[in-house]
Every structure is written in structure tokens, then in C-alpha cells.
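Asks: below are the sequence and a predicted model for it; my questions follow.
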Amino acid sequence: MENNTKKQGSYHELKSRINELYQNSDYNAALQLVEKGLEIYPCAPALLLMKGVLLQLVDDDSPLEEARRYLESAEMYDCGQNSPTIELGNFSYALDQDSNAALRYFQKAEALALSILEEALVGQVRALLDIGKFDEAKQVLDEAKISIPTSGATWQLLELEFDVSGD
């Protein structure tokens with residue numbers, strides 16, 4: 001257990017150091033650190049994503065196809081996260097100049113983001129109902145209907161819960 005905690009701490013420290021180098025535009029050093037990290041954590045989505053991004057920024061002859069492979073791997077391992085999908089959209093748009101492929105990635109990212117937002121709003125409404133904050137629950141529900149109108153069936157079910165709870 002202690003060894004696992006040390007390993008987690010070092011992973012977070014590694015990501016922090018990489019982000020620091022990235023923010024300072026020291027892309028080559030960040031890439032070297034990412035590569036060391038991938039030796040230890042070969043399937044870490046954050047490292048795979050960062051390598052895909054950095055390969056596009058470093059001053060060497062890294063083939064862009066290699067960057068795409070890392071972005072695709074990050075998307076595969078990072079189920080439920082949008083960063084790799086958005087990066088693939090940016091890659092397709094800017095580097096491949098393939099607007100159709102970019103659009104598919106961006107639409108996929110949008111659908112996932114809306115799904116996550118819907119889950120968060122449903123959770124908020126239910127929690128507010130449980131603690132008796134009916135006015136706040138109604139306000140969140142009304143805003144949700146405007147933010148995500150395509151989730152009409154979900155909002156109707158919540159309204160039924162609201163009616164039952166608010167009686």
C-alpha cells in the first residue's frame with residue numbers, strides 16, 4: 001500500500017513537472033520527461049496525450065503520424081475524457097486539413113460533454129430535492145432545460161420526481 005502511494009505521488013509530481021515545462025515552452029525537456037514517464041506508466045492517458053501534443057511542437061523531425069498515434073492511444077485509454085478527442089479534432093483540422101474528420105471528433109467531444117453535464121445537473125436536482133431545497137432544484141431544472149434541450153425525456157422524469165418530492 002505504501003509503495004502504491006509513493007508511486008501515485010511520483011506520478012502526480014511527474015505530471016506537474018511536465019506541465020511546468022510545457023507552460024514555460026520548454027517542449028523538448030517536457031517531451032524527454034514524458035518519454036521517461038511512459039517507460040514507467042505506458043498506458044497513462046495524460047502522458048500519451050502530452051506526447052502527442054509535444055511531438056507537434058518540438059523542433060525535430062518527428063513524424064506527425066506518430067503524434068496522431070499517441071493522441072489516438074490517449075483517447076482509447078482515457079474513456080470518458082474529452083481532451084484527447086478534442087486534440088484529435090485539432091490535429092485533423094490544422095495538420096491534416098480534414099474538416100470532415102475534425103467535425104466528427106468535435107461532435108463526439110460535444111456529445112460526451114453534454115452527457116457529463118446532464119449527469120451533473122440530474123445529480124444536482126436530486127440532491128437539492130433530497131435536502132428540501134425545492135426552489136433551487138426547480139431553478140437548476142429550468143436552466144438544464146435551456147442548456148440541454150435535447151434531454152427532454154430526462155427533464156420530464158425529473159419533473160415527475162420534483163412533483164412527488166414537492167407535494
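Replies: All right, it came through fine. Numbering: from 1, shown residues only.
Asks: pretty sure Lys145 contacts Gln156?
Replies: No. Assessed by C-beta atoms under 8 Å, Lys145 is found out of contact with Gln156, at 9.6 Å. The C-beta positions use only the backbone N, C-alpha and C, and glycine is treated the same way.
Asks: those two - which one has more neighbours?
Replies: In this view Lys145 and Gln156 are compared by other C-beta atoms under 10 Å, and Lys145 has more residues nearby, 17 against 10.
Asks: so what's the residue count around the closest residue to that one other than its chain neighbours?
Replies: Beyond its immediate neighbours in the sequence, the residue positioned closest to Lys145 (C-beta to C-beta, 6 or more residues apart in numbering) is Trp155, lying 5.1 Å away. Counted with other C-beta under 10 Å, residues neighbouring Trp155 total 19.
Asks: can you count the residues close to Ser151?
Replies: Close neighbours of Ser151, defined as other C-beta under 10 Å, add up to 19.
Asks: spit out the contact partners of the residue lying closest to it once chain neighbours are set aside.
Replies: With C-beta to C-beta, 6+ apart as the criterion, Ser151 has its nearest non-adjacent residue at 5.2 Å, and that residue is Glu118. Under the criterion of C-beta atoms under 8 Å, 6 or more residues apart in numbering, the neighbours of Glu118 are Ala144, Ile148, Ser151, Thr154.
Asks: Glu118 sits in which helix or strand?
Replies: Per DSSP states H and E: Glu118 is located in helix 99-130.
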